[in-house]
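S.K.: Could you look at this predicted model? Sequence included:
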Amino acid sequence: MRYAIVEAMGHQYRVAPNEYLEVDRLPFDVGDLVELERVLLVVNGDEVHVGTPTVEGARVRAVVVDHFKGPKILVFKYKPRKRYRRRRGHRQKYTRLLVKEILLPGEIPSDEKAEGQPQAESATA
């Protein structure tokens, strides 16, 4: 099984192909392909690639599924005996990504492989 540790928007996440990832809001439209290039670690079965600090050439390809807001957080400030009370709400904006594939250094993305080679005919004998 292949998985990776990536850094996005200052946070580190463990990702695997065909899993969803929720990160802070990214400036991409729904359906866009995003490449996360800050890959800190890649595990491919028994093979482990550890970055110093990143794995050179490794990247994670993902598709933007949607943008949404997180739960409301109330921020309440209070000072006793001073009649000071402030209440504010906040909702963080997030982007949901669907991880398509994790590429090691030198690997070609699957969609580019399909375009570059003609379809082989099936041998029936």
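M.R.: Cool, the structure landed.

S.K.: Centre-most residue in this protein?
M.R.: residue 21 (5.3 Å; C-alpha atoms, centre = their mean).

S.K.: hey, what's it bridged with?
M.R.: residue 97 (DSSP bridges).

S.K.: same question, residue 35
M.R.: Bridge pairing for residue 35 - DSSP bridges - gives residue 61.

S.K.: Run a quick neighbour tally on the nearest residue to residue 93 once chain neighbours are set aside.
M.R.: Take residue 93 and drop its neighbours on the chain: the residue closest to it by C-beta to C-beta, 6 or more residues apart in numbering is residue 25, 4.0 Å away. Every residue, glycine included, has its C-beta placed from N, CA and C. Here the count is done by other C-beta atoms under 10 Å, and residue 25 has 13 residues near it.

S.K.: what's residue 25 in contact with, if anything?
M.R.: Counting by C-beta atoms under 8 Å, 6 or more residues apart in numbering, residue 25 touches 67, 93, 94, 95.

S.K.: same question, residue 97
M.R.: 20, 21, 22, 23, 26, 34, 62, 63, 64, 65.

S.K.: The third one is in contact with residue 94, isn't it?
M.R.: Yes - applying C-beta atoms under 8 Å, one finds residue 22 in contact with residue 94, separated by 5.1 Å.
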